[in-house]
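Q: Give the three-dimensional model of this entry:
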Amino acid sequence: MNEIERAECLLDAASSGNMNFTIIVAYRGELKARNIKQAVAFLQAEHRLLRSTLQWTDQGCSFCETAAAVPLRTLPYQGFEQWRQVAREDVGQRFAGQELPLWRISWLNGIDEGQLLLTFHHAIADGVCGMQLVDQLFKALEQLALGQRPEPLGVDSSHLLLDGLKGLSTMAAEPEPEPAPREDRHLHTDYVLDHLDAATSSAVIAWARSKGIRVHSVLFAALLLATRTVAGSDPPIVEANTVVNFRPYLQPKLPRDAMRLTRVCVVTSVPMAAFDDLATLAQFIHKDLYRQLEQGEHVRTVQRIMQRVKRGESGADLWRRARIPEHQLILSNLGRIDWPGNYGRVSVERLFFIANVELIFDSPDNWLLGSLTYRNQLQLSLWYMKELVDENTARAVLSELRHLLTSLN
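A: This next block holds a predicted model:
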């Protein structure tokens with residue numbers, strides 16, 4: 001366990017919430033319980049962290065290998081929207097005790113269709129490797145359905161040394177103030193979901209390329225403008241918090257399919273009064289984000305987390321630091337999923353993800369947009385605190401975001 005993973009575990013245990021995340025896979029075709037169990041056991045054998053549990057001692061926590069099978073819950077499939085309630089249950093349930101692995105599966109089993117929900121403790125995975133695991137799972141399921149043994153993956157991520165992050169060793173540690181006081185408000189995350197058709201998604205991607213910017217910045221600009229329109233307020237500064245995956249910056253580079261947590265956040269301060277249109281705001285976010293990456297802000301963030309753990313900050317201290325201020329939004333964009341999702345007898349039709357954000361959100365203007373492009377369609381899930389924001393407001397934000405993106409077509 002490295003310092004980022006240890007910090008995640010300490011943070012997760014320090015409040016009423018957690019940082020679990022769930023990948024929702026809607027499929028067509030027939031799956032069998034026996035094959036699911038065998039495929040999951042195969043993945044556990046291939047990925048060390050998938051057969052890990054948490055061991056707590058007076059000195060803190062660490063990963064410990066377990067022989068226990070991954071919990072598999074089976075429910076009758078009742079339609080697409082069933083994911084919502086099942087996902088809430090799965091992400092809200094802590095991974096603690098009983099020496100169980102740090103992930104679980106719910107299978108919504110229907111006739112020639114259904115959903116698989118894969119829920120992970122964030123200490124063992126992030127969205128990037130989690131999506132690759134879905135592909136590995138369905139390839140194994142198809143091989144087992146054909147009476148074949150799944151082919152070994154040859155993935156080894158057992159020794160992720162953060163010292164391999166480019167520039168980490170040359171940056172001086174920055175002093176930090178004491179964490180501010182904070183009250184546990186026992187809030188809960190809720191979600192609304194949308195997606196763009198292939199033609200509109202292609203138009204958004206083409207528009208971004210024509211401007212020389214990333215789709216990420218276009219989505220973030222649309223999110224900021226949508227929340228401003230729906231809220232009807234215009235704070236002088238809004239902070240755009242980008243989830244950055246630092247796998248490409250590791251030496252040697254860590255493959256996308258290696259199970260590890262490799263994400264931090266980089267913040268762009270946006271003077272909203274200066275921007276009235278999507279193009280200029282998207283270009284501003286793009287330039288600022290990549291300026292910070294060139295200057296190593298993601299490395300500084302990793303270093304800050306490492307230093308907190310090394311100096312013995314408690315989970316409560318980390319939880320107090322985790323609170324993001326008001327007027328701050330987050331975008332977690334996994335980019336384009338490059339596998340087609342056709343596996344012979346079964347095909348993956350929809351793919352998206354959610355996570356708990358109770359540990360970091362406690363303001364009504366905190367939002368997180370989770371996005372990815374699968375089968376050439378942008379999948380969008382908007383996360384918020386249900387005690388602070390009503391669902392109609394959340395749907396209005398997502399509807400306005402869709403309107404802004406569709407206008408690029």
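
Q: ok, Trp207 - contacts?
A: Applying CB atoms under 8 Å, 6 or more residues apart in numbering to Trp207 gives the contacts Val218, Leu408. Every C-beta, even on glycine, is put in place using the N, C-alpha and C of the backbone.

Q: Run a quick neighbour tally on the nearest residue to Asn18 once chain neighbours are set aside.
A: Distance criterion CB to CB, 6 or more residues apart in numbering; nearest residue to Asn18, sequence neighbours excluded, is Asp12 at 4.9 Å. Using other CB atoms under 10 Å, Asp12 is surrounded by 25 other residues.

Q: Same check on Asp163?
A: Asp163: 10 neighbours (other CB under 10 Å).

Q: Could you measure from it over to Leu225?
A: According to CB to CB, to the nearest Å, Asp163 stands 41 Å off from Leu225.

Q: same question, Thr242
A: Distance, Thr242 to Leu225, using CB to CB: 17 Å.

Q: now Ile213
A: From Ile213 to Leu225 the distance is 15 Å (CB to CB).

Q: Repeat that for Pro181.
A: Pro181 is 34 Å from Leu225, by CB to CB.

Q: Pick out whichever of those two has more residues nearby.
A: Comparing Pro181 with Leu225 by neighbour count (other CB under 10 Å), the higher total belongs to Leu225, at 21 against 6.

Q: doesn't Leu281 make contact with the more buried one?
A: Yes - the criterion here is CB atoms under 8 Å, and Leu225 meets it with Leu281 at 6.7 Å.

Q: what's the overlap in contacts for these two?
A: Counting by CB under 8 Å, 6+ apart, the residues touching both Leu225 and Leu281 are Phe275.

Q: Which strands and helices lie in contact with the helix or strand that contains Cys129?
A: Per DSSP states H and E, Cys129 falls inside helix 127-145. For helix 127-145, the helices and strands in contact under the criterion 3 or more CB pairs under 8 Å, 6 or more residues apart in numbering; DSSP states H and E are strand 21-28, helix 33-46, strand 113-120, strand 328-336, strand 347-355, strand 367-374.

Q: Quick check: Tyr77 touching Leu117?
A: No - applying CB under 8 Å, one finds Tyr77 not in contact with Leu117, separated by 11.6 Å.

Q: quick one, helices of the stretch 201-350 of the chain?
A: 215-231, 278-294, 297-310, 315-322 (DSSP state H, counting those that start in this stretch).

Q: List the residues that contact Ala240.
A: Applying CB under 8 Å, 6+ apart, one finds that Ala240 lies in contact with Phe220, Leu224, Val267, Thr268, Ser269, Val270, Ile285, Gln328, Leu329, Leu331.

Q: can you pull up the bridge partners for the fifth one?
A: In this entry, Ser269 is beta-bridged to Glu239, by DSSP bridges.

Q: That one - how many residues pack around it?
A: Ser269 has 12 neighbouring residues, counting by other CB under 10 Å.

Q: any low-confidence regions in the protein?
A: In the predicted model, the chain carries pLDDT under 70 at residues 157-159.

Q: any idea how it splits into domains?
A: For the chain, automatic domain parsing gives the domain ranges 3-145, 166-174+184-336+358-406.

Q: and the residue minimising distance to the centre of the chain, what is it in contact with?
A: By CA atoms, centre = their mean, the chain has its centre lying nearest to Gly127, at 4.4 Å. Applying CB under 8 Å, 6+ apart, we find Gly127 in contact with Phe21, Ile23, Arg263, Ser332, Leu334, Phe353, Gly370, Leu372.

Q: before we move on, what about Val134?
A: So Val134 contacts Ile23, Val25, Leu118, Val348, Leu351 (CB under 8 Å, 6+ apart).

Q: ok, which pair from those residues is furthest apart?
A: Leu118 and Val348 (12.1 Å; CB to CB).

Q: shared neighbours, those two?
A: What both Leu118 and Val348 touch, as defined by CB under 8 Å, 6+ apart, is the set Val25, Val134.

Q: re the thing from before, settle it for me: which of Tyr77 and Leu117 has more neighbours?
A: Leu117 (23 against 17).

Q: Look up which residues are beta-bridged to that one.
A: Here Leu117 sits in beta bridges with Ile24, Ser106, going by DSSP bridges.

Q: What remains of the contacts of Gly127 if I keep only buried residues?
A: With burial judged by 16 or more other CB atoms under 10 Å, the buried subset of the contacts of Gly127 is Phe21, Ile23, Arg263, Ser332, Leu334, Phe353, Gly370, Leu372.

Q: just those residues now: which is nearest Asp194?
A: Among the buried ones among the contacts of Gly127, and counting by CB to CB, the member closest to Asp194 is Gly370, at 11.3 Å.

Q: who touches the residue found closest to that closest one once you drop the neighbours it is linked to in the chain in this structure?
A: Among residues not flanking Gly370 along the chain, Ser381 sits closest, at 4.4 Å (CB to CB, 6+ apart). Counting by CB under 8 Å, 6+ apart, Ser381 makes contact with Tyr191, Val192, Leu193, Asp194, Phe352, Phe353, Ile354, Leu369, Gly370, Ser371.

Q: if you set the cut-off to 7 Å instead, what comes out?
A: The neighbourhood of Ser381, defined by CB atoms under 7 Å, 6 or more residues apart in numbering, consists of Tyr191, Leu193, Phe352, Phe353, Ile354, Gly370.

Q: what's the answer for Ala355, then?
A: Listed by CB under 7 Å, 6+ apart, the contact partners of Ala355 are Met19, Asn20, Phe21, Val91.

Q: related to what we said a few turns ago, so which of the domains of the chain is nearest Tyr343?
A: domain 3-145 (4.2 Å).

Q: Take the closest one and give me the span from its first residue to its final residue.
A: For domain 3-145, the first-to-last residue distance is 40 Å (CA to CA, to the nearest Å).

Q: With that, I have no additional questions.
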